[in-house]
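Engineer: Please find the sequence and the predicted model below.
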Amino acid sequence: MMKDIKFLMGADCKKLILPICLSVLDSLLNSVMYGVMLLTLAALYDGSFSAAMVMRALLWLLGIFVLRCIFQGVAFTDAQCLGANASGKLRLRLGNHIRKLHLGYFNNHSIGRLNGVLTTDVTDYETIITHCLCDVVKVASFGILSVGFLFYIHPAFGLVTLVVCGLAVPVLFRSGKASGDSATRLKQAKSNVVTRLIEYISGIKTFRLYNLTGARFVKLDRDLKGLRDASTKSELSVLPLSLGFYIITAMLIPISIIFGGYLQMRGEITAAQFVLVMFVTVSLVDLLGVLSSLYPQIRSITKATENVREVLDETPFGYDPAVTKLDNFDIAYEDVHFSYNGKQEVLGGVSFTAKAGTTTALIGPSGSGKTTITSLLSRFWDVTGGRITIGGRDIREISPDLLASNMAIVFQDVYLLNDTIYNNIRIGKPDATEEEVYAAAKAACAHAFILAQPDGYQTMLSEGGGGLSGGEKQRISIARALLKDAPIVLLDETTSNLDADNEQEINRAFRKLMKHKTVLVIAHKLGTIRRADQILVLKDGKIYEEGNHETLLAQGGWYADVCREQEAAKTWQIS
Ligand SMILES: Nc1ncnc2c1ncn2[C@@H]1O[C@H](COP(=O)(O)OP(=O)(O)OP(=O)(O)O)[C@@H](O)[C@H]1O
Ligand SMILES: [Mg+2]
């Protein structure tokens, strides 16, 4: 347990010394209390009992009681603060680590698992520090002192206690193992349910549309039943063993009575000693009962540590810490190969250069790899072959944070945070003034519709940006990108059916965003493509045609065909 706590707490582990020492002192005082009782009882039996002695014993007991209250209070408060602090730090450490992982890590499965690690596992670990650690120390130290005391009264008591405990310990270990195993199954079942619930809630529209809600969403139903069964099994598998442990340890009481009675009759112990042995044995049995419920919890920290370690062991993107600044924004893709999760190659040798301050348009059929190309530049993933450079420097040397600070990204699936519109825009530049935020919103043609919202810029958005139209969300994300004013801009133009006014406004906003920047744009509209300095036509993960609007038209390939079709579509009439 201490090894796991040390791994999770790091240097802060030393701070646990105080509550541990106080718990040992508390146990010592508990034992002293029994000593006082022994002296009093002995006096009662040998006739030296007096009122003054009772007073003295009472004062001793009062003193011990006050000191124990202080020790327990300080140890408990300290452990509470340390536990909350340690779990907070661990969650931040995990969060900081998770944010540096490649996007492949965040599939549906790992969301449920990550949720389990960040909530249940970290909470298990916090409980160990706040509740279990001091109790374990108390049980252990009082156990040792009690056995020592019993040996002192008569070796037979000590031996009997050791034998009974020796019989009970294997049962305790088995209950710990059963609890550990069922905890693993229970966590897996919980993780499945969380994953399924996330899928269910985020896809509720589809589920309703296809009437897959309620009992017809068989998978959620199955996972919920799985969780119920795992919970029941978890309780049932540990209960007989905990009970068995308790029954064996409780046998200490009748055994001690029989032994004590026998020894007293033989005159080997006094009546006072016999009574006190009974007190100590009853307390010891009680404490061992506490241990039977503590031990499975202690075992759970091992599993929690394994889960936390698994996340922390996931290798984040590497980079060269010496690279702290970028000053040249020429972008070059050199024979870039890429496959998601080692499967089929999605990019098969893409090479092109985009000079700083120019616009490169990526076009091509669906699934040709356009989004993949832009995702690689922002290091959502790392290339599997070749390299990408910015200003001649391989982007694998650049930290994801530095890259992100030099990049503004507007994608189709805009994600807005559960915050005010104002703060959602200000994410682009956290220290922006109010004027700068308004200016960015105006430039993104978003100012007017924001003012029309119930609370203007202070209107709260729900998670994901619910309550706004697709075009409105996109203009907020453009405002955010404009405010950031980063030298590299990655754009995925929207293809959704915006009305003509909305589309014109968004186009205007896009043009402002792209001015004087190095732009990679996944273009769907002829307007953008025509103005681009370079157009790359992608097909099956390779550059199929390359040039500008005029040269590609002259080539008469795929691009020329698409342009002809788009031009022809303009002349269509509904009659
Ligand atoms: N996260 C992912 N995991 C596995 N495969 C993926 C992933 N994202 C995309 N792919 C696959 O990679 C290929 C290229 O996808 P990409 O999204 O780059 O295409 P695209 O050109 O942007 O298409 P569209 O125009 O439809 O947006 C597709 O075959 C797609 O199935
Ligand atoms: Mg795409």
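Structural biologist: Everything's here; your move. Ligands and ions are numbered 1, 2, ... in the order given.

Engineer: residues in contact with stretch 232-242?
Structural biologist: Here stretch 232-242 makes contact (Cβ atoms under 8 Å, 6 or more residues apart in numbering) with 171-172, 174-175, 178-179, 181-183, 185-186, 292-293, 296. Glycine gets a C-beta too; all of them are placed from N, C-alpha and C.

Engineer: Now, of these, which are buried?
Structural biologist: Buried members of the contacts of stretch 232-242, scored by 16 or more other Cβ atoms under 10 Å, are 171-172, 175, 178-179, 181-183, 185-186, 292, 296.

Engineer: from those residues, which is closest to ligand 1?
Structural biologist: residue 185 (29.5 Å; Cβ to the nearest ligand atom).

Engineer: for the record, mean pLDDT for whatever helix or strand the closest one lives in?
Structural biologist: According to DSSP states H and E, residue 185 maps onto helix 155-202. Per-region confidence: helix 155-202 scores 87 on mean pLDDT.

Engineer: helices or strands next to it in the packing?
Structural biologist: helix 108-116, helix 133-153, helix 218-250, helix 252-265, helix 271-313 (3 or more Cβ pairs under 8 Å, 6 or more residues apart in numbering; DSSP states H and E).

Engineer: Can you classify residue 545 by secondary structure?
Structural biologist: When classified by DSSP: H, G, I helix; E, B strand; the rest coil, residue 545 comes out as strand.

Engineer: any idea which element residue 60 lies in?
Structural biologist: For residue 60, the host element (DSSP H and E) is helix 51-98.

Engineer: how big is the angle separating that helix from helix 271-313?
Structural biologist: Relative orientation of helix 51-98 versus helix 271-313 (axes from the mean of the first three to the mean of the last three Cα atoms, to 10 degrees): 10 degrees.

Engineer: which stretches of this structure have low pLDDT?
Structural biologist: Within the chain, the stretches with pLDDT under 70 are 107-109, 213-216, 464-466, 494-503, 574-575.

Engineer: Ligand 1 contacts on that one?
Structural biologist: Within reach of ligand 1 by Cβ under 6 Å from any ligand atom, the chain has these residues: 340, 346, 364, 366-372.

Engineer: change it to 8 Å
Structural biologist: 103-104, 340-341, 343-344, 346, 362, 364-373, 375, 412, 492, 522, 538, 541 (Cβ under 8 Å from any ligand atom).

Engineer: Among those, name the ones in helices.
Structural biologist: Cross-referencing the residues of the chain next to ligand 1 against helices under DSSP state H gives 370-373, 375.

Engineer: Please identify, among those residues, the one with the most neighbours.
Structural biologist: If you count neighbours using other Cβ atoms under 10 Å, the busiest of these is residue 373, which has 27 neighbours.

Engineer: hmm, back to that, for residue 424, state which of the buried ones among the contacts of stretch 232-242 is nearest.
Structural biologist: Set against residue 424, the nearest of the buried ones among the contacts of stretch 232-242 by Cβ to Cβ is residue 186 (38.2 Å).

Engineer: in terms of contact, does the closest one touch residue 229 like I think?
Structural biologist: No - counting by Cβ atoms under 8 Å, residue 186 stays clear of residue 229, with 10.0 Å between them.

Engineer: Nearest residue to the middle of this protein?
Structural biologist: The chain has residue 118 as the residue nearest its centroid, 3.2 Å off, counting by Cα atoms, centre = their mean.

Engineer: which ones are touching that residue?
Structural biologist: Residue 118 sits next to 91, 94-95 when contact means Cβ under 8 Å, 6+ apart.

Engineer: For those residues, which entry has the maximal number of neighbours?
Structural biologist: When neighbours are counted by other Cβ under 10 Å, residue 94 leads these with 18 neighbours.

Engineer: show me what contacts residue 468?
Structural biologist: Neighbours of residue 468 in contact, by Cβ under 8 Å, 6+ apart: 416, 461, 476.

Engineer: cool, and residue 451?
Structural biologist: Taking Cβ under 8 Å, 6+ apart, one finds residue 457 in contact with residue 451.
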